[in-house]
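Visitor: Structure, please.
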Amino acid sequence: MPHTDVLLAAASQEPGPGGTLRIVLLVSILGTVLLAWFLLRGYRNDDNND
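Guide: This is a model prediction of the structure:
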């Protein structure tokens, strides 16, 4: 991820932990969505055995 240092540098310009927490929260939500999609993908029923 070449842009990680740019994101952290942009977040650190604000006083306090607000920017960094915003980035961590966004990444964790995105990771949760991708993990749910990956896990639920296996429960799909593609059998055509009527």
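Visitor: list the buried ones in whichever strand or helix holds G19?
Guide: Assigned by DSSP states H and E, G19 falls within helix 18-41. Buried residues in helix 18-41, counting neighbours by 16 or more other CB atoms under 10 Å, are found at G19. Heads up, the C-betas are built off the backbone N, CA and C, glycines and all.
Visitor: which helices and strands does it pack with?
Guide: Applying 3 or more CB pairs under 8 Å, 6 or more residues apart in numbering; DSSP states H and E, we find helix 18-41 packed against helix 4-11.
Visitor: what about the protein, any weak spots by pLDDT?
Guide: Applying pLDDT under 70 to the chain flags residues 1-14, 45-50.
Visitor: mind running it again at 50?
Guide: Residues of the chain meeting the criterion pLDDT under 50: 50.
Visitor: Now do the contacts for L30.
Guide: Contact analysis of L30 by CB atoms under 8 Å, 6 or more residues apart in numbering lists nothing.
Visitor: That one and G16, how far apart?
Guide: Distance, L30 to G16, using CB to CB, to the nearest Å: 23 Å.
Visitor: do R44 as well
Guide: In terms of CB to CB, R44 sits 44 Å off from G16.
Visitor: then stretch 25-38 to CSV, C-alphas only?
Guide: Presented in CSV, the C-alpha positions along stretch 25-38 are these (Å, rounded to 0.1, in the frame of the first residue of the first chain):
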residue,chain,number,x,y,z
LEU,A,25,-12.7,3.0,11.6
LEU,A,26,-13.0,3.2,7.8
VAL,A,27,-10.5,0.4,7.2
SER,A,28,-12.1,-1.8,9.9
ILE,A,29,-15.6,-1.3,8.4
LEU,A,30,-14.4,-2.1,5.0
GLY,A,31,-12.6,-5.2,6.2
THR,A,32,-15.7,-6.3,8.0
VAL,A,33,-17.8,-6.0,4.9
LEU,A,34,-15.2,-7.8,2.8
LEU,A,35,-14.9,-10.6,5.4
ALA,A,36,-18.7,-11.0,5.6
TRP,A,37,-18.9,-11.1,1.8
PHE,A,38,-16.2,-13.8,1.6
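Visitor: helix, strand or coil for Y43?
Guide: When classified by DSSP: H, G, I helix; E, B strand; the rest coil, Y43 comes out as coil.
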